[in-house]
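Asker: Pasting a predicted model and its sequence here:
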Amino acid sequence: MTGSPTITPTPLDFEGDGGPETCSDGVDSDGDTLVDCDDPDCNPIFPCAHMAPVASPPVLVLLVVVLGLVGVFSFMRSAEPQRRDPN
């Protein structure tokens with residue numbers, strides 16, 4: 001025993017030993033009878049990974065306008081002078 005740390009292999013984030021391309025080669029690369037995107041090992045890897053949906057530009061514009069109007073309306077209400085009860 002030398003007292004120095006040993007190098008331990010780190011599992012990589014892809015199916016088999018061929019890299020991300022093994023998730024689109026039509027072959028069961030790791031021997032679990034599941035091919036490409038049917039294999040859970042390929043779920044986080046392109047082309048099998050599902051990307052988060054992105055709003056289209058018109059929807060983003062609408063969202064910005066609505067939130068801007070809400071902000072303006074809220075500011076206008078807070079800036080109104082306080083009315084005092086005459087009683």
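Answerer: That came through fine.
Asker: how about residue 28, secondary structure?
Answerer: coil (DSSP: H, G, I helix; E, B strand; the rest coil).
Asker: Secondary structure class of residue 33, three-state.
Answerer: Relying on three-state DSSP, one would call residue 33 coil.
Asker: count of neighbours near it?
Answerer: Residue 33 is flanked by 8 other residues according to other C-beta atoms under 10 Å. C-beta here means a position set from N, CA and C on the backbone, and glycine is covered the same way.
Asker: what about it, distance to residue 26?
Answerer: 14 Å (C-beta to C-beta, to the nearest Å).
Asker: Same check on residue 38?
Answerer: From residue 38 to residue 26 the distance is 11 Å (C-beta to C-beta).
Asker: host element of residue 54?
Answerer: In the assignment (DSSP states H and E), residue 54 maps to no helix and no strand.
Asker: Please name the nearest non-neighbouring residue to residue 25.
Answerer: residue 36 (7.1 Å; C-beta to C-beta, 6 or more residues apart in numbering).
Asker: My read is that that neighbour contacts residue 42, right?
Answerer: Yes. The criterion here is C-beta atoms under 8 Å, and residue 36 meets it with residue 42 at 6.0 Å.
Asker: Could you pull out the helices in the protein for me?
Answerer: 57-79 (DSSP state H).
Asker: Verify the contact between residue 24 and residue 47 for me.
Answerer: Yes. Counting by C-beta under 8 Å, residue 24 sits close enough to residue 47 to count as a contact (5.4 Å).
Asker: and the residue nearest the centre of the chain, how far is that from residue 75?
Answerer: Centre of the chain computed as the mean C-alpha position; nearest residue by C-alpha atoms, centre = their mean is residue 52, 5.1 Å away. As judged by C-beta to C-beta, residue 52 and residue 75 stand 32 Å apart.
Asker: go on, residue 40?
Answerer: 50 Å.
Asker: How about residue 57?
Answerer: Applying C-beta to C-beta to residue 57 and residue 75 gives a distance of 27 Å.
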